[in-house]
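fold the following for me, if possible:
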Amino acid sequence: MYAFMNTNGQKTDAWYCSDDSLKGDLDKEFGVKVKWDIPLLQGYEYRFFKNYSWKPSIFKGFFGLINLGLIRQLFREEKSVFVVHGWNYCTHFLVLMLGKLRGHTICLRNDMPLKHETYKKGWNQPIKRFGLKYIVFPRIDYFLYVGTQNQLFYKSYNIDEKRLITSPYAVDNDRFTNEFKKLKEEKCIIKKNLNIPNSDKVIVFSGKLIDKKRPLDLLQAFKNLDVVDCWLIFVGEGNLRVEMEEYINEHQLKQVILTGFVNQSEISEFYTIGDVFVMCSYLSENWGLSVNEAMNFDLPLILSDLTGCSDDLVIEGENGYVFETGNVADLTDKLKKVLVNQQLNQTTSSRKIITNYSYQEVLKNLQPIAK
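Numbering: from 1, shown residues only. Predicted coordinates:
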């Protein structure tokens, strides 16, 4: 969560409840130890607060984060603007409940797409909706929506338009753009190192090889596509790798590469040689930030309709297509349109679209409430 303080000018601090993602521990979904190789704490003020949970972890549910020092600091700070990322941890919930008592402006940035909510059933859904509508949301000053579906989620609770502020999901566009400029001259070399003929086309998938991402859908679609001069690269690791390897061996798919986990300093090479980027995700893919990354390399997109960003980042027939989640035949058809029939007119390119999804855009939209 972030605190925007106005003391002789605007100051921004990032407050962290956990360092789980920085320590280089085992990532349960990647299935390997992950330690990012680019600096994550440079260029801004930040502070970590001790976690007093009896089961301290961002993977342990609501009570995995209990940061009592952060709550104390909340009441010590002069009036500020707090941006809280969700309500699913005890610490976050307490800030949302107590922040206005100190006179702070409280903003909620949650990425829930409305279309995902329609799939959720069970006795707890009416309780959640009641709790959000009558307990949590009345204590929020502004709601920061990341995209169209997230905005519709808030509107389903009848949130006034004046309390809705666009705060798009973004990656470091400058870094990826610079990588693209640097690496595009080395495209042939990168392909050669992977034993890919320079004239062959490349489909790129970047993400964890887990059920939510549905990588087997893409593997099946690639088999059905059956194009001689086309390769498929899965950039990532996960518990479906063995099943995918068995499928590759069973169908003798010679032009599929499973890279394993690739860190941030190397991932740009795979985007550089790509001809199309595919994300097949199901529920819980509330946005899909690797799509943002790929767009900085001007890759056309093929996204499932349940990928949270599909409504915002794909202009149908121009920079890509959206297919029905889980429909392998539809995915195969969209791959054929892009790679074989070349049916994209690309009047609006991926790079042009992604310029509106930047850190600068987020800051600009927050300026009016941070003054």
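
now name the helix or strand holding the nearest residue to T348 once chain neighbours are set aside.
Nearest residue to T348, sequence neighbours excluded (C-beta to C-beta, 6 or more residues apart in numbering): E318, at 4.8 Å. All C-beta spots, glycine's among them, are computed from the backbone N, C-alpha and C. Following DSSP states H and E, there is no helix or strand that holds E318.

pLDDT score for E318?
Note on E318: pLDDT of 95.

that one - how many residues pack around it?
17 (other C-beta atoms under 10 Å).

that one touches Q346, doesn't it?
Yes: E318 is within contact range of Q346, at 6.0 Å (criterion: C-beta atoms under 8 Å).

got a list of what the residue nearest to T348 touches?
For E318, the contacting residues are 344-348, by C-beta atoms under 8 Å, 6 or more residues apart in numbering.

for K184, see how far away it is.
E318 sits 22 Å away from K184, going by C-beta to C-beta, to the nearest Å.

next: K254.
For K254 relative to K184 (C-beta to C-beta), the value is 27 Å.

likewise Q252?
For Q252 relative to K184 (C-beta to C-beta), the value is 33 Å.

burial check on K254, number of neighbours?
7.

surely it forms part of a strand?
No: per DSSP: H, G, I helix; E, B strand; the rest coil, K254 lies outside any strand segment and is coil.

ranges for the helices of the stretch 101-250 of the chain?
114-117, 124-131, 148-155, 173-183, 187-193, 215-225, 241-250 (DSSP state H, counting those that start in this stretch).

which one of the ones you listed lies nearest to Q73?
Q73 lies closest to helix 124-131 among the helices of the stretch 101-250 of the chain, at 25.9 Å (C-beta to C-beta).

contacts made by the closest one with the rest, please.
Counting by C-beta under 8 Å, 6+ apart, Y157 sit against helix 124-131.

for V314, which non-adjacent residue is spatially closest?
G320 (4.6 Å).

spit out the contact partners of that neighbour.
276, 300-303, 314, 338, 344, 350.

can you check D229 too?
So D229 contacts 197, 199-201 (C-beta under 8 Å, 6+ apart).

7 Å instead, please
199-201 (C-beta atoms under 7 Å, 6 or more residues apart in numbering).

any idea of the pLDDT on it?
pLDDT at D229 comes out at 96.

could you list the buried residues of stretch 240-260?
Judged by neighbour count using 16 or more other C-beta atoms under 10 Å, the buried positions of stretch 240-260 are 240-241, 244, 247-248, 255-259.

could you dump the residues you listed to a markdown table with pLDDT?
Listed next are those as a markdown table, based on pLDDT from 0 to 100:
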| residue | pLDDT |
| --- | --- |
| L240 | 97 |
| R241 | 97 |
| M244 | 98 |
| Y247 | 98 |
| I248 | 98 |
| Q255 | 97 |
| V256 | 98 |
| I257 | 98 |
| L258 | 98 |
| T259 | 96 |
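
could these be laid out in CSV, adding distance to P113?
Shown next, in CSV, are the buried residues of stretch 240-260 (distance: C-beta to C-beta, whole Å):
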residue, distance to P113
L240, 23
R241, 28
M244, 27
Y247, 30
I248, 32
Q255, 34
V256, 30
I257, 31
L258, 29
T259, 29
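
which pair in those residues spans the largest distance?
L240 and Q255, at 19.3 Å, using C-beta to C-beta across these.

ok, K192 to V202 distance?
13 Å.

these two: which is more packed in?
Shown here are K192 and V202; by other C-beta under 10 Å, V202 has more neighbours (25 against 12).

check the gap between the more buried one and I38 for me.
Taken as C-beta to C-beta, the span from V202 to I38 is 24 Å.

picking that back up, for N356, find the nearest of the helices of the stretch 101-250 of the chain.
Short answer: helix 173-183, nearest of the helices of the stretch 101-250 of the chain by C-beta to C-beta, at 10.0 Å.

out of the contacts of D229, who's the most crowded?
Going by other C-beta under 10 Å, K201 tops these with 19 neighbours.

wait, what's in contact with the nearest residue to that one once chain neighbours are set aside?
With sequence-adjacent residues excluded and distances taken as C-beta to C-beta, 6+ apart, K201 is closest to D275, at 4.4 Å. D275 sits next to 201-202, 339 when contact means C-beta under 7 Å, 6+ apart.

so where's this structure uncertain?
1-10, 23-37, 371 (pLDDT under 70).

kindly recompute the last result at 50.
For the chain, the stretches with pLDDT under 50 are 7-8.

outline the domain layout of it.
2-171+357-370, 173-354 (automatic domain parsing).

winner for burial among the ones you listed?
domain 173-354 (a mean of 19; mean count of other C-beta atoms under 10 Å).

C107 pairs with what?
For C107, the beta-bridge partners are V83, Y142 (DSSP bridges).

distance of it relative to N365?
In terms of C-beta to C-beta, C107 sits 11 Å off from N365.

could you do K128 as well?
28 Å.

go on, K184?
Taken as C-beta to C-beta, the span from K184 to N365 is 32 Å.

again with V314
22 Å.

contacts only, for Y119.
L283 are the contacts of Y119 under C-beta under 7 Å, 6+ apart.

picking up where we left off before, closest to D19 out of the contacts of D275?
Closest to D19, out of all of the contacts of D275 and judged by C-beta to C-beta, is V202, at 36.1 Å.

now do the SS call for L283.
L283 - assigned by three-state DSSP - is coil.

so which of the helices of the stretch 101-250 of the chain gets nearest V84?
helix 148-155 (14.5 Å).

run the chain-centre distance for that closest one.
Its chain's C-alpha centre and that of helix 148-155 lie 17 Å apart, by C-alpha atoms, centre = their mean, to the nearest Å.

that'll do, ta.
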